[in-house]
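S.K.: Task: produce atomic coordinates for the following.
(one chain, ligands or ions: 2)
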Amino acid sequence: MSEVTFSRLVLASNNAGKLKELQAMLGAHIEVLPQSQFISEEAEETGLSFIENAIIKARHAARASGLPALADDSGLAVDALGGAPGIYSARYADGQGDAANNAKLLDALKNVPDDQRGARFICALALVRHADDPVPIICEGAWEGRILHAAKGEHGFGYDPLFLVPELGVSSAELPAEQKNQLSHRARAMVLLRQRLGLA
Ligand SMILES: O=c1nc[nH]c2c1ncn2[C@H]1C[C@H](O)[C@@H](COP(=O)(O)OP(=O)(O)OP(=O)(O)O)O1
Ligand SMILES: [Mg+2]
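M.R.: Ligands and ions are numbered 1, 2, ... in the order given. Below is the predicted model:
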């Protein structure tokens, strides 16, 4: 059942990897515009949960564009680190980027044996119809895996080279985009969002 009808929305992200994946998942249904067309300033991610940060980012893009906006706040929760880096995944190595984040994660886990290297990617999607929408649509997805001992694969972005997909025996950076987009935390959240929007 559809509770919302519109044909365009702004993707409230500046992450090229995410934008590509979200575009591939939604583009067939809705015209999606990157927020860079409207604003360059990033929203401050002051929330303490993925959901709070997704809502903050969606409102920021909706305010700048005057259009409905969809944000994705996501990250990696590692069991041996008590769920870190979690919402701080992008900032784990103090803003030095993906390679530094991955190096820091490998170092933090260097003495952790395989059976204790469980982790999951989490994605929270928030869609607001306008900046002050009191009823954001929220959908979440998770993807279970394990942290490898060294990077593998060239696809994807972020922590993909370190994330083992146990059923397939490969890292998520070794999956072609089409396959990651069927399996990932983002894909799972997006299935729920499409249902909520009546696009399924
Ligand atoms: O599928 C994924 N494959 C690998 N890594 C991933 C994935 N999904 C999230 N991640 C990592 C990247 C980044 O370290 C953090 C997201 O941080 P997050 O603040 O949500 O995104 P961001 O700052 O890169 O872009 P923006 O806020 O503009 O959407 O989690
Ligand atoms: Mg961010």
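
S.K.: Most proximal residue of this structure with respect to ligand 1?
M.R.: Gly158 (2.4 Å; Cβ to the nearest ligand atom). Every residue, glycine included, has its C-beta placed from N, CA and C.

S.K.: Relative to the centre of this structure, find the outermost residue for me.
M.R.: Asn111 (28.0 Å; Cα atoms, centre = their mean).

S.K.: Next, the residue of the chain closest to ligand 1: secondary structure please.
M.R.: At Gly158, secondary structure determined by DSSP: H, G, I helix; E, B strand; the rest coil is coil.

S.K.: can you pull the buried residues of stretch 152-170?
M.R.: Residues of stretch 152-170 classed as buried: 152-153, 155-156, 158-165, 170 (neighbour count, 16 or more other Cβ atoms under 10 Å).

S.K.: now the helix or strand where Val32 lies, how far from the centre of its chain.
M.R.: Here Val32 sits within strand 31-34, counting by DSSP states H and E. Here the centre of strand 31-34 is set off from its chain's centre by 17 Å, with Cα atoms, centre = their mean, to the nearest Å.

S.K.: do stretch 127-136 as well
M.R.: 19 Å.

S.K.: Spell out which parts of this structure neighbour ligand 1.
M.R.: 13-15, 18, 45, 57, 72-76, 89-90, 101, 121, 156-160, 184, 186 (Cβ under 6 Å from any ligand atom).

S.K.: For the lengthiest helix in the chain, name the packing helices and strands.
M.R.: Secondary structure of the chain per DSSP state H: the longest helix is helix 50-65. Helix 50-65 is packed against strand 8-11, strand 69-78, strand 118-128, strand 137-147, with contacts defined by 3 or more Cβ pairs under 8 Å, 6 or more residues apart in numbering; DSSP states H and E.

S.K.: Direction-wise, compare that helix with strand 118-128 and give the angle.
M.R.: Orientation check (axes from the mean of the first three to the mean of the last three Cα atoms, to 10 degrees): helix 50-65 against strand 118-128 gives 40 degrees.

S.K.: Helix 50-65 - what's its average pLDDT?
M.R.: Across helix 50-65, the average pLDDT comes to 98.

S.K.: ditto for stretch 182-192
M.R.: Mean predicted lDDT for stretch 182-192 stands at 98.

S.K.: before we move on, what about stretch 90-105?
M.R.: Per-residue scores along stretch 90-105 average to 97.

S.K.: Pull it out as CSV, backbone CA atoms only.
M.R.: Extracted C-alpha coordinates of stretch 90-105, given in CSV (Å, rounded to 0.1, in the frame of the first residue of the first chain):
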residue,chain,number,x,y,z
ALA,A,90,33.1,7.3,8.5
ARG,A,91,35.0,9.2,11.2
TYR,A,92,36.8,6.2,12.7
ALA,A,93,40.3,7.4,11.6
ASP,A,94,39.5,11.0,12.3
GLY,A,95,38.3,11.9,8.8
GLN,A,96,41.3,10.5,7.0
GLY,A,97,39.2,8.4,4.6
ASP,A,98,38.4,4.8,3.8
ALA,A,99,42.0,3.5,3.6
ALA,A,100,42.9,4.9,7.0
ASN,A,101,39.6,3.6,8.5
ASN,A,102,40.4,0.1,7.1
ALA,A,103,44.0,0.2,8.4
LYS,A,104,42.8,1.2,11.9
LEU,A,105,40.2,-1.6,11.9
